[in-house]
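Peer 1: Please work out how this folds:
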Amino acid sequence: MEIGGIGVHWLWLLGASVLAILELVVPGVFLIWVAAAAALTGVVAALLPLGLPFQFILFALFAVGSVLAGRHQYERNIVPSTDPLLNDRIARLIGQTVVVETAIEGGSGRVRVGDGVWNARGPDLPAGARVRVTGGQGTCLTVEPVAAGTPQIERS
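Peer 2: So this is what the prediction gives:
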C-alpha cells in the first residue's frame, strides 16, 4: 500500500522517528513508547500486506502494550532521589525549632517558619514561645514546646 507514492510502512517509520525526536526534545512524555509502537507497525506493514484500518488497530494495540511495558519498566527501576523530601515541605520542617507568631489557644495558632507563617496545632503557648515541628497535615503544622536548655536547630 502506498500513499502519495510512498509506502505506508515508511510513513509509520517516519512517524516513529519524529516521535522519538520529540521525546528527546520534551523528555518524560512517554512518546518513546508510542514511537516504538509506530516502528513496530511500520515493520509489520512492510512485511505483511495489511489494510490501513488494520494498521491503525495494530498501532493502537502496540501503543497500549508498549506504554504499559514502559510503565512496568519504570516502576521496577526507580531512580533514587538525592533529595527524597524535595516535594514534601512538611517532612522537611520536622525537627525544626520555630517561633509561635500568634498564640496557640485551644490547640491552634500560627508559627513563623523562615519568612512565612503557618497554621499550627499543639498545646497552648504564648506568642514568642519556641516550639519544635513534629508533623503536620496540609498547611497545618503539629508542634510541641521546646524544653528550656534543649539545643535548638533553627533553619529558615
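Peer 1: what residue lies at the spatial centre of the chain?
Peer 2: Using C-alpha atoms, centre = their mean, the residue of the chain that lies closest to the mean C-alpha position is residue 87, 8.8 Å off.
Peer 1: and residue 24, what element?
Peer 2: Under the criterion of DSSP states H and E, residue 24 resides in helix 8-25.
Peer 1: Run through the strands of the protein in chain order.
Peer 2: Using DSSP state E, the strands of the chain run over 2-3, 6-7, 97-105, 108-113, 116-121, 130-137, 140-145.
Peer 1: before we move on, back to that, what about the residue nearest to the centre of the chain, distance to residue 68?
Peer 2: Per C-beta to C-beta, to the nearest Å, residue 87 is found 26 Å from residue 68. From N, CA and C alone the C-beta is placed, and that goes for glycine too.
Peer 1: quick one, what contacts the nearest residue to residue 112 once chain neighbours are set aside?
Peer 2: Leaving aside its chain neighbours, residue 112 sits nearest to residue 101 (4.5 Å; criterion: C-beta to C-beta, 6 or more residues apart in numbering). For residue 101, the contact set (C-beta atoms under 8 Å, 6 or more residues apart in numbering) comprises 109-112, 117, 127.
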